[in-house]
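A.B. asks: could you work out the structure for the sequence below:
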Amino acid sequence: MSAAVVSLERTFHALGDPTRLGMVERLSRGPASVTELAAPLTMALPSVLKHLKVLEEGGVVRSEKAGRVRTYRLQPDALAAIDRWVAQRRDAWNACFDRLDRMLAEEDEES
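C.D. replies: You can find the predicted model right below:
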């Protein structure tokens, strides 16, 4: 498997959990500390940190530590990679539908 595929797989895995997706949604509004990300959740802090680790390993977020506060922010490049992947699939499907449309139009003309 290529490195790009592995990276994309990790990104999709990171986004595949509702808790992590909620964290990404929150981070889309700006950086947040671990405490801020944990506040709306009903889980222990170690569990929150595990989710954040998966997001970081998936390349979705990055963290910075200033003093005792660790702050997370989105990594836009990770979401851009997903966007490119989806666009490629969309283009392929559109090409298939265009061929199908032409084939059906030709059949209509022949009958």
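A.B. asks: please identify the helix or strand for Phe12.
C.D. replies: helix 3-15 (DSSP states H and E).
A.B. asks: what is the subsequent helix or strand relative to that helix?
C.D. replies: Per DSSP H and E, helix 3-15 leads on to helix 18-27 as the next helix or strand towards the C-terminus.
A.B. asks: that following helix - what's its average pLDDT?
C.D. replies: Per-region confidence: helix 18-27 scores 96 on mean pLDDT.
A.B. asks: what angle sits between it and helix 3-15?
C.D. replies: 100 degrees (axes from the mean of the first three to the mean of the last three CA atoms, to 10 degrees).
A.B. asks: number of residues surrounding the nearest residue to Leu79 once chain neighbours are set aside?
C.D. replies: Distance criterion CB to CB, 6 or more residues apart in numbering; nearest residue to Leu79, sequence neighbours excluded, is Val60 at 7.4 Å. Bear in mind the C-beta positions are built from the backbone N, C-alpha and C, glycine included. For Val60, the count of nearby residues is 28 (other CB atoms under 10 Å).
A.B. asks: show me what contacts Val60?
C.D. replies: When contacts are counted by CB atoms under 8 Å, 6 or more residues apart in numbering, Val60 is found next to 11, 14-15, 20, 24, 74-75, 78-79.
A.B. asks: could you tell me how far stretch 3-14 lies from the centre of the chain?
C.D. replies: Relative to its parent chain, stretch 3-14 has a centroid offset of 9 Å by CA atoms, centre = their mean, to the nearest Å.
A.B. asks: may I see the buried residues of it?
C.D. replies: Within stretch 3-14, the residues scored as buried using 16 or more other CB atoms under 10 Å are 8, 10-11, 14.
A.B. asks: per-residue confidence at Val6?
C.D. replies: Predicted confidence (pLDDT) at Val6: the value is 68.
A.B. asks: how close does Glu106 sit to Trp85?
C.D. replies: Distance, Glu106 to Trp85, by CB to CB, to the nearest Å: 33 Å.
A.B. asks: neighbour count: the two, which is higher?
C.D. replies: Between Glu106 and Trp85, counting by other CB under 10 Å, Trp85 is the more crowded of the two (15 against 10).
A.B. asks: cool, thanks, signing off.
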